[in-house]
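**Student:** Sequence and computational prediction follow.
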Amino acid sequence: MSAREASVESIQRELTAFARRARATAARMHPELSLVSFTILAHLEEQQGCRATDLAAHYLLDKSTVSRQVAALERLGYIERRVDATDHRVQVLHLAQHGIETLAAARVSRKEIFQERLAAWDPEDLARFAEYLVRYNADAAAHPLP
């Protein structure tokens, strides 16, 4: 195995471990919400609302999958539907007050966790790591897998 292949294999293994830890952390922070639910809430906040079909397109998910997630989030009081001001036939999903508060609390908690985990890191290493993550995510967004 070449050094490049070994590095790619290591990256794949470590990103998988990272994803597992992220799901577990999300579950501990709020047992009612999965990591997927958190990302949907964050997306709604970032976009200041969107349609369920927009969520399906953004996450490359089936509309029925998104519909189930949205229904559960709505039932729990995290999101609400509002009629689109420009097209009254369209319903736009927005964060409800409970969703806004939950996201804010999750951000504080996550920030504390990351501060603690990275406390011993050298500032240059932190900056390099942040730069690599930004670069990786930008490349992944520009070249999505089929």
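**Tutor:** Arrived safely.
**Student:** make it CA atoms for all contacts and neighbour counts henceforth
**Tutor:** OK.
**Student:** Which residue ranges of the protein form strands?
**Tutor:** 79-83, 91-95 (DSSP state E).
**Student:** which one of those strands is the most hemmed in?
**Tutor:** strand 91-95 (a mean of 22; mean count of other CA atoms under 10 Å).
**Student:** and it, what does it pack onto?
**Tutor:** helix 35-47, strand 79-83 (3 or more CA pairs under 8 Å, 6 or more residues apart in numbering; DSSP states H and E).
**Student:** Turn those into CSV, columns for mean pLDDT and distance to A56.
**Tutor:** Below are the helices and strands packed on strand 91-95 laid out as CSV (pLDDT from 0 to 100; distance: least, CA to CA, whole Å):
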stretch, mean pLDDT, distance to A56
helix 35-47, 90, 10
strand 79-83, 95, 16
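**Student:** between those, which one is nearest to A104?
**Tutor:** Evaluated over the helices and strands packed on strand 91-95, closeness to A104 peaks at helix 35-47, with 9.9 Å, by CA to CA.
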